[in-house]
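S.K.: mind looking at a prediction? Sequence and model below.
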Amino acid sequence: MTISRRTFLKGAGAAGLVTLAPAVRSEARIGPDSFATLIDLSKCDGCDGRDTPLCVSACRTGKKDIFPQVDKDQLRDYWPQKKYEDWSDKKHLIDRFTPYNWIFVQQVEVEGEKISIPRRCMHCDNPPCVKLCPFGVKHKTAEGPVYIDHSLCFGGAKCRTVCPWQVPQRQAGVGIYTLWQKYLPVAGGGVMYKCDLCRDLLAEGKTPHCMVSCPKKAMTIGRREEIFKKAEGLKEAQQGYLYGMDENGGTSTIYFSPISFDKINIALTASHDQKKTGRPVPLHTPENLLEKQSLWTQLSLIAPIIGVVAAVGLTRSETVKKEKT
């Protein structure tokens, strides 16, 4: 098989996106104008009596146009594993994070009280998922949201590995990875998906779908200093507890609860059915993996190598197509 210079450069150009991505990654600095969210667990009742909490249904409706559209012919095992992650036949699931479900509500009983906890991305101030993505496709905006560039994501799932809450979820059979997965099956696995805090709506001065739909007004968004002040006021007035101010280096999502989060987390862990809903999503004191960055940043060194090998894969694919025609 002969590879022309033009064909190779075409493949290298597309794959070069991987090589260059870490170099163009920008740092977003959190400031007073950044947004933060307050979730008041004393107000949330999980939309008791409804099959689906309104925040969940609003997110699913509002985000449906950017959910993955899977080509079943592109579903292939993650070499050398004999499996792949396909949620396209499980779009109905609302009790966990999936590529089609970016927010869900946990319910647990603590000290005789029923607690409902809306869970979504915490939008960390210094997110390990952004810092340690070897492809540089995750970004932290100055406004607060952490988002994934779906057009360039390879689905390597390192973001999920370093996330203390296992938020991002992978869908196979979609994205740029499908261009060369037959020839380079170790360079990804699809595309990762998660809450982006409706950054498009925030840019227009609007409120995220989940918050608009909440009948109890349990979720509010505002400027960072305003939200933090409100959270501290709630804590003092009700002698309650806050979660998210310091966890994982600080986040843009603050929970208030009249019951301690240690007790809530113990109850969540005890009541969790891993066979039913997969790994638990805790409310714990997580280990910030950026402290182990020297280990994880080695992953980013792989990106240029992947770019070159991917170029060969794309080139071979293009050449095979020409030979067939």
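M.R.: Ah, there it is.
S.K.: could you list every residue that touches residue 47?
M.R.: Contacts for residue 47 (C-beta atoms under 8 Å, 6 or more residues apart in numbering) come out as 53-55, 105, 215. Quick note: C-beta positions are derived from backbone N, CA and C, even for glycine.
S.K.: dump the residues you listed to CSV, plus pLDDT, secondary structure and neighbour count.
M.R.: Converted to CSV, these look like this (pLDDT from 0 to 100; DSSP: H, G, I helix; E, B strand; the rest coil; neighbours: other C-beta atoms under 10 Å):
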residue, pLDDT, secondary structure, neighbour count
53, 98, coil, 25
54, 98, helix, 18
55, 98, helix, 28
105, 98, strand, 20
215, 97, coil, 12
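S.K.: from these, which single one is nearest residue 112?
M.R.: Of all these, residue 112 sits closest to residue 105, with 19.7 Å by C-beta to C-beta.
S.K.: beta-bridge partners for that closest one, please?
M.R.: residue 118 (DSSP bridges).
S.K.: got a list of what it touches?
M.R.: 44, 46-47, 53, 55-56, 116-119.
S.K.: buried subset of these as a ChimeraX selection?
M.R.: Listed next is the ChimeraX selection for buried residues among these, using 16 or more other C-beta atoms under 10 Å:
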select :44,46,47,53,55,56,116,117,118,119
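S.K.: list the contacts of residue 258.
M.R.: 41-42, 238-241.
S.K.: quick one: which of those sit in helices?
M.R.: residue 238 (DSSP state H).
S.K.: among the contacts of residue 258, name the buried ones.
M.R.: For the contacts of residue 258, a burial check counting by 16+ other C-beta under 10 Å picks out 41-42, 240-241.
S.K.: show me those that map onto strands.
M.R.: residue 241 (DSSP state E).
S.K.: just give me the closest of the contacts of residue 258 to residue 252.
M.R.: residue 41 (17.4 Å).
S.K.: related to what we said a few turns ago, which of the contacts of residue 258 sit farthest apart?
M.R.: Most distant of the contacts of residue 258, by C-beta to C-beta, are 41 and 239, 14.4 Å apart.
S.K.: good, we can wrap up now.
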